[in-house]
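Participant: here are the coordinates; sequence isn't available:
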């Protein structure tokens, strides 16, 4: 199986435009992963949801500030 990775600053469900159309077509021949821009959450984790044959990866990170780099 071939893999195709797409890193985007837009949410998959924001607006269904050209990237979604193209990636949905690619999903017939590739295992497509669509990485959304990270969002602030309670813990560092990821959520994978399948839609239109595409694996949508939502990344959640804890709040980052200038003191986080010291740890």
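Facilitator: Everything's here; your move. This one's a predicted model, so the numbers in the text were calculated from it and none came from an experiment.
Participant: Which residue lies nearest the spatial centre of this structure?
Facilitator: residue 35 (2.0 Å; Cα atoms, centre = their mean).
Participant: who's that residue bridged to?
Facilitator: residue 7, residue 57 (DSSP bridges).
Participant: Poorly predicted segments of the protein, please.
Facilitator: 64-71 (pLDDT under 70).
Participant: now the strands for it?
Facilitator: 3-7, 31-35, 39-40, 45-51, 54-61 (DSSP state E).
Participant: so which of these gets nearest residue 18?
Facilitator: With Cβ to Cβ as the measure, strand 3-7 is the member of those nearest residue 18 (12.0 Å). Any C-beta I mention is one placed from the backbone N, CA and C, and that applies to glycine too.
Participant: how distant is the closest one from the center of its chain?
Facilitator: On the basis of Cα atoms, centre = their mean, to the nearest Å, strand 3-7 sits 9 Å off its chain's mean C-alpha point.
Participant: That strand packs against which elements?
Facilitator: Applying 3 or more Cβ pairs under 8 Å, 6 or more residues apart in numbering; DSSP states H and E, one finds that strand 3-7 makes contact with helix 18-26, strand 31-35.
Participant: and if we set it to 7 Å?
Facilitator: strand 31-35 (3 or more Cβ pairs under 7 Å, 6 or more residues apart in numbering; DSSP states H and E).
Participant: tell me which residues in the strand it packs on are buried?
Facilitator: For strand 31-35, a neighbour-count test (16 or more other Cβ atoms under 10 Å) marks 32, 33, 34, 35 as buried.
Participant: again, but for stretch 10-17
Facilitator: Buried, per 16+ other Cβ under 10 Å, within stretch 10-17: residue 12.
Participant: mind checking the end-to-end distance for it?
Facilitator: 11 Å (Cα to Cα, to the nearest Å).
Participant: Now do the contacts for residue 63.
Facilitator: residue 40 (Cβ atoms under 7 Å, 6 or more residues apart in numbering).
Participant: distance of it from residue 16?
Facilitator: 31 Å (Cβ to Cβ, to the nearest Å).
Participant: cool, and residue 48?
Facilitator: 19 Å.
Participant: For burial, what's the neighbour tally of residue 54?
Facilitator: 21 (other Cβ atoms under 10 Å).
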